[in-house]
Every structure is written in C-alpha cells, then in structure tokens.
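Asks: Need a 3D model of the following:
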Amino acid sequence: MEAPIQVTAVRPGGHLFNNLVHFARLLRQLGIPTSGEQSATLTRAFAHLNLDQRRDIKAAARAVYLGRREQQPLFDRAFDLFFHPQHRAGSGLDLGQLAQRSTQVEQRKIAPLAAPTGGDPTSEAEPPVIEPRFTFSQRELLRHKDFAELTAEEALQLRDLLRHFPFDVDRRRTRRHQRASRGRIFDFRRTLRASLRHGGETAQLAWKRRKTKPRPLVVLCDVSGSMESYSRILLQFLYAVGNSVRRYQAFAFGTRLTCLTRPLALRDVDSALSQAAAMVVDWGGGTRIGEALHRFNYDWGRRVLGQGAVVLLISDGWDRGDTALLEREIARLQRSCERLIWLNPLLGQPGYQPLTRGMAAALPHVDDFLPVHNLASLEELADHLTRLNATRQSQGKG
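Replies: Have a look, this model is predicted:
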C-alpha cells in the first residue's frame, strides 16, 4: 500500500503550502520552470483530492508544474525523493525546517537527479546548475524582451506561452440569417407561423439577424537574411495562430514563395516546425518582396483571399528587387483583401523610421503598420484585431 502524503494544513502558511514552495524551488534548481502561482493552484486542488492516494497527488502536481513531456522522468524522480514516505502525518513535518537543520539536504536531493545515468562518475561531484526562477517578474521581462535577444531557454519558454496564445480574427456577415430576440430585420415567415397558433392573431413579432463567420487569415512571413534573428520565433507564432484560426494559410518568402500551411497543421509542434523549416530552401537568403507578392497574387490570391480575408505581412522592408513591382503588387494585394496589416520587427526599436525603399513603396497601400518584436507586440496585435471586430459590429458592417 502506498504511503499517504498528509500534512497539518491545506492553506497558505500551513505545512502543505510551505512544502510545495520548497518542492517548486527544487524543480527550478533542476531546470523545470515553476512559479508561486502554480504552488497556490496546487494547494487549492488538494482540497478536492484524497490525500491518502499518493498517485493522485503526484498526478495533480505533474499536471500543474510540468510544461513539456520530456521533463516528466526528472519530475517523477524529484517527487519520489522529496515526498518520501517518512514525511507522513502525525509528525507534522515541515520540509523547509528539515532543510534548515541540515545544509546538505538540498545537495543530497539534487545530486542523484542532476547527475547523468551511466555517465562519468566524476561529473557527480560537480555542483548543479541553478536556473533563474520563472516568477511573475521574469514572465514580464520575457513579454517585453526582443525576439532577437532571446536565449535558447527563453525561446523554449516563449514557445510554451505561444502554444496557448489567444488569437481572434475579425468576423464577416454572411448572407444567411439566424433567429434573434431583437433586431432590425423583421422575420415575416416565423411571425406568420407563430400567429397560426393563436387563430391568426399576431401575438409577438419575430426578428432575425445576419450570421457571422470568422474571416480567413493569410500570413506572409519574410525569412530572408535580415529577418533571420526573428524568423524562428515568428515561425512558432505562425504555428500557434494556425491552431487558433479555422481558415488559415501561411507562406514564407525570401527570393521565392513557399506555402507552409500543411506542415504547420501537424499536431506535434516539433515535427511541424522542422518540416516547415526544411521546405524553405531560401531561408536566410536575399529578399525580393515584389516578386514573392507577384507569385502570391497570381498563383494563390483567388484561392485564399475570398470572403474578406485578413492578410498579415511580416517583414522588415529590406528589399533587393524592383521597387515598382513591389508597389504594384502590394496595391493589388490590398485591393484583394479586407485588411492588410504590415508587421515590422524594427518598428519596436526606438527612433526607427521606415526609410528603406521597400517600406516607402509599401506603406501607402497598408491599412495598419504595427511592430512584431516581442510577445507584448503580439498581444497588442490580437487586441487590435479584437477592437476592429468590435467597431465593425457596432457600425453594422461586415
């Protein structure tokens, strides 16, 4: 029979909350990001669990703390070592006090977990690498940190945040109608049918309104050499948006145009990103925005720009192609879609001015010119689209 995990209090300030704080600190030392908010959430969840079932407690902790599947083996070993059967009720043991009584407790906990199995025995004597705490303040720093300055660990954390990124595209009104409790369109048929139940007397008027559907979203992302520091993160953004939007098309361009809709539709994020990157043969090369837009307008425009599509064009505007061609093709693109939004990562830098010839030619034909250099700018983009949708609905457009 499994030894129960029992504590003296299920509230902040009791032994349970203190123990979870120390356990979260251990996970952070092992490289698994945790926060105080997660510990508080797990404490509240324990009120609905049977604390005699060790397996249920472990499953709840795993669901709250883990963000990636590959962290599970390390987490299970840490949990089994930290919540040892000797820590059971009756003793009212606070693991924080236990750690204070022995300065070597934390080292004994970390050493068998951090050391590689079957590796060089000399590596066991090396001190563990302490990762920075993934607290609320660090999340705020990550939100405002430029994509080009992210470390490898921060890029992984950002990918986890983008996985649940809320993205709502503008909606359009269709020709079909649906029932409404009130409105400006009188439903004569339903009113007439309802009057038959009362001998032909009209007891109540019926109304209807136009149905709405999300507009298609098309994203064109620049993957040339000048965008290389942003392209990897923006590719993850494309994947996250594709999982939030029903009708979605994604393209990458440098010197040529590549459709990425199919690989980004894969369920596994790693497979999707690797296959999408492998399809782009001109990654990190030159930029010919006009030629890429020309290929899109003539090969894909009629297929993906119907029903009032919204287009996001992500580029820094550095162009080596024909400026006249760029101006002509972006004007054609703007006429073919409902709204054209140009996202420029350089716009988030202080003192930036769109003086390159590519941006100078494109800006007169762009509906919105917004930055896309950090997570906060992506959130502002989502809010901007939400406000556009609310404005359109209040004006009765669509």
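Asks: what about the spatially closest residue to residue 150 that is not a sequence neighbour, which SS state?
Replies: Nearest non-adjacent residue to residue 150, counting by Cβ to Cβ, 6 or more residues apart in numbering: residue 158, 6.5 Å away. The C-beta positions use only the backbone N, C-alpha and C, and glycine is treated the same way. Under the three-state scheme (DSSP: H, G, I helix; E, B strand; the rest coil), residue 158 adopts helix.
Asks: Pretty sure residue 158 sits against residue 233.
Replies: Yes. The pair residue 158 / residue 233 is scored as a contact, 6.6 Å apart, by Cβ atoms under 8 Å.
Asks: quick one, what contacts residue 143?
Replies: 374-376, 379 (Cβ atoms under 8 Å, 6 or more residues apart in numbering).
Asks: I'd like to know which of those are part of helices.
Replies: In helices, defined here by DSSP state H, the members of those are 375-376, 379.
Asks: Among these, which one has the most neighbours?
Replies: With neighbours defined as other Cβ atoms under 10 Å, the most crowded of these is residue 375; it has 20 neighbours.
Asks: what sits in contact with each of residue 158 and residue 233?
Replies: With Cβ under 8 Å, 6+ apart, residue 158 and residue 233 have common neighbours residue 150.
Asks: with the ones in helices among the contacts of residue 143 in mind, which one is nearest to residue 215?
Replies: The closest of those to residue 215 turns out to be residue 379 (Cβ to Cβ; 20.0 Å).
Asks: mind checking how far the residue nearest to residue 150 is from residue 366?
Replies: 27 Å (Cβ to Cβ, to the nearest Å).
Asks: try residue 374
Replies: 21 Å.
Asks: can you pull out the strands in the chain?
Replies: Assigned strands in the chain, in chain order: 171-180, 185-186, 207-214, 217-222, 248-253, 257-259, 310-314, 339-344, 368-371 (criterion: DSSP state E).
Asks: For residue 40, which of those strands is the nearest?
Replies: Comparing the strands of the chain by Cβ to Cβ, strand 368-371 comes nearest, at 34.1 Å.
Asks: helices or strands up against that closest one?
Replies: strand 339-344, helix 375-394 (3 or more Cβ pairs under 8 Å, 6 or more residues apart in numbering; DSSP states H and E).
Asks: quick one, which of the ones you listed is packed in tightest?
Replies: strand 339-344 (a mean of 23; mean count of other Cβ atoms under 10 Å).
Asks: so what does that strand touch, helix or strand wise?
Replies: Partner elements for strand 339-344 (3+ Cβ pairs under 8 Å, 6+ apart): strand 310-314, helix 323-336, strand 368-371, helix 375-394.
Asks: one step back: rank the strands of the chain by mean pLDDT and give me the bottom one.
Replies: Lowest mean pLDDT within those: strand 171-180, at a mean of 70.
Asks: Could you list the low-pLDDT ranges of the stretch 151-300 of the chain?
Replies: 168-175, 212 (pLDDT under 70).
Asks: any idea how far residue 300 lies from residue 273?
Replies: 22 Å.
Asks: between those two, who's got more neighbours?
Replies: Neighbour tally, residue 300 and residue 273, criterion other Cβ under 10 Å: the higher count belongs to residue 273, 20 against 16.
Asks: could you list every residue that touches that one?
Replies: 235-236, 239.
Asks: Neighbour count and distance to residue 218 added to these, as TSV?
Replies: Listed next are the contacts of residue 273 as TSV, based on neighbours: other Cβ atoms under 10 Å; distance: Cβ to Cβ, whole Å:
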residue	neighbour count	distance to residue 218
235	22	16
236	24	18
239	23	15
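Asks: Name the nearest of these relative to residue 196.
Replies: residue 239 (54.1 Å).
Asks: The closest one is in contact with residue 272, isn't it?
Replies: Yes. Counting by Cβ under 8 Å, residue 239 touches residue 272, with 5.5 Å between them.
Asks: Can you check which residues contact both of those two?
Replies: residue 264.
Asks: Relative to residue 142, how far out is the residue nearest the centre of the chain?
Replies: The centre of the chain sits closest to residue 162, judged by Cα atoms, centre = their mean, with a distance of 1.8 Å. Look at residue 162 and residue 142: by Cβ to Cβ, they are 11 Å apart.
Asks: do the same with residue 185
Replies: For residue 185 relative to residue 142 (Cβ to Cβ), the value is 48 Å.
Asks: Neighbour count for those two, which is higher?
Replies: residue 142 (17 against 12).
Asks: Narrow the contacts of residue 273 to those in helices?
Replies: 235-236, 239.
Asks: Enumerate every residue touching the residue nearest to the centre of the chain.
Replies: Contacts of residue 162 (Cβ under 8 Å, 6+ apart): 236-237, 239-240, 375, 378.
Asks: Give the residues shared as contacts by residue 162 and residue 142.
Replies: residue 375.
Asks: Now residue 231: closest residue in space, sequence neighbours ignored.
Replies: Per Cβ to Cβ, 6+ apart, closest to residue 231 is residue 223, 4.6 Å.
Asks: Isn't the one you found up against residue 279?
Replies: No. Between residue 223 and residue 279 there is no contact under Cβ under 8 Å: 10.7 Å.
Asks: Spit out the residues that contact the two alike.
Replies: residue 252.
Asks: before we move on, the earlier item: just give the number of residues close to the residue nearest to residue 231.
Replies: 27.
Asks: any idea how far the residue nearest to the centre of the chain lies from residue 273?
Replies: Taking Cβ to Cβ, one finds residue 162 at 11 Å from residue 273.
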